[in-house]
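Asker: What follows is a predicted protein model with its sequence.
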Amino acid sequence: MDLQFLGTSSGVPTKARNVSATAVIESTGHGWYLVDCGEGTQHQLLHSPLSLRDLRAIFITHVHGDHCFGLPGLLASAGMSGRKEPLPLILPDALQDWVRQGLAVSDTYLPFELQLQALETFSGFTAGNVEVSTVELSHRVRSWGYVFDEHDPEPRLDTARLKADGIPAGPLWGQLVRGVAVTHEGRTLAPRDYQQPTRAPQRIIVCGDNDRPELLAELARGVDVLVHEATFTQPVVERSQTTFGHSTAAQVAQFAEVAGVKNLVLTHFSARYQASANGRGNSIAEVRDEALAHYSGNLTLARDLQRYHLGRDGCLVEA
């Protein structure tokens, strides 16, 4: 699976970073999923190869505006781009009427079905070769993370079983490897019965705002990729005497080290952290240095519009 970051700033955008939005892209390269939709997300998409027609679902982590204010515009643009397929939108219950009213009062017509689902009662989602579940986190308001579990990654056919069951080579085999059920001699054949994975499935966790990384202890143990906010560094928090419901780079890195996280991606940086401090404010290098002091795995500081690929070797690299 791939990740492409459409916004990595917290609270407010900066010249280099937009507010929160993360794309999770299936290993097939076709379908993708959007986690959070801060203001301006649709503009960021214009600088990416991602198409709103291929968007399988939108997941909002919590009600704060830097995570959802881009929804009305993005939905309207999806309609104007010619999308016809239904679009699941999983978001906190408190935002449902806001979305409906925003579309209604602006006389926005969507040529596709918008399938609103309350996050509080969300029981899971499956599309393509990905299953999505949730984990509740800790913030000033209720906040969640989304767990993307891949299934049947890059399958190959179990030819020995196919031959043993008397299924002739040819078009039927081609349909089964593509995940299409077929009928042979009056029997319906399920693709999963004749597919074998060629590598281990991948798990990616994309979190909303969270000041207690330990809530991820069970799900994040040995996880392939953990995307987690690191809004501040420890010295900034110590000076202000508050975290505002966010984590520090040190806090997340310490957790990731203990949990054995293979790839840690930090994002949602306070606007005070610039590419170069130049004697004023703080540098994003401070976030990296603080995290590296506690984490020995593969660390990435997310950058806007950068795409990252999780390879067969389990290492997340720039695509």
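Answerer: Right, received. Where do you want to start?

Asker: Low-confidence ranges, this structure, go.
Answerer: Along the chain, the model assigns pLDDT under 70 to residues 152-154, 277-279.

Asker: quick one: the helices in it?
Answerer: For the chain, the helices defined by DSSP state H occupy 41-45, 71-80, 96-105, 159-164, 171-177, 217-220, 234-240, 249-259, 284-292.

Asker: could I get the ones you listed as JSON lines with distance to V141 and mean neighbour count?
Answerer: Placement of C-beta: from N, CA and C, glycine included. Output for those, formatted as JSON lines (distance: least, CB to CB, whole Å; neighbours: other CB atoms under 10 Å):
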{"stretch": "helix 41-45", "distance to V141": "20", "mean neighbour count": "21"}
{"stretch": "helix 71-80", "distance to V141": "17", "mean neighbour count": "19"}
{"stretch": "helix 96-105", "distance to V141": "14", "mean neighbour count": "13"}
{"stretch": "helix 159-164", "distance to V141": "51", "mean neighbour count": "12"}
{"stretch": "helix 171-177", "distance to V141": "45", "mean neighbour count": "15"}
{"stretch": "helix 217-220", "distance to V141": "21", "mean neighbour count": "16"}
{"stretch": "helix 234-240", "distance to V141": "20", "mean neighbour count": "13"}
{"stretch": "helix 249-259", "distance to V141": "19", "mean neighbour count": "22"}
{"stretch": "helix 284-292", "distance to V141": "24", "mean neighbour count": "18"}
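
Asker: now these in CSV, with distance to L114?
Answerer: Shown next, in CSV, are these (distance: least, CB to CB, whole Å):
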stretch, distance to L114
helix 41-45, 16
helix 71-80, 7
helix 96-105, 8
helix 159-164, 41
helix 171-177, 32
helix 217-220, 29
helix 234-240, 39
helix 249-259, 34
helix 284-292, 37
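
Asker: quick one: which of those helices is nearest S133?
Answerer: S133 lies closest, by CB to CB, to one member of the helices of the chain: helix 217-220, at 8.6 Å.

Asker: helices and strands around that closest one, which ones?
Answerer: In terms of contacts (3 or more CB pairs under 8 Å, 6 or more residues apart in numbering; DSSP states H and E), helix 217-220 is packed against helix 249-259.

Asker: I appreciate the help and will end here.
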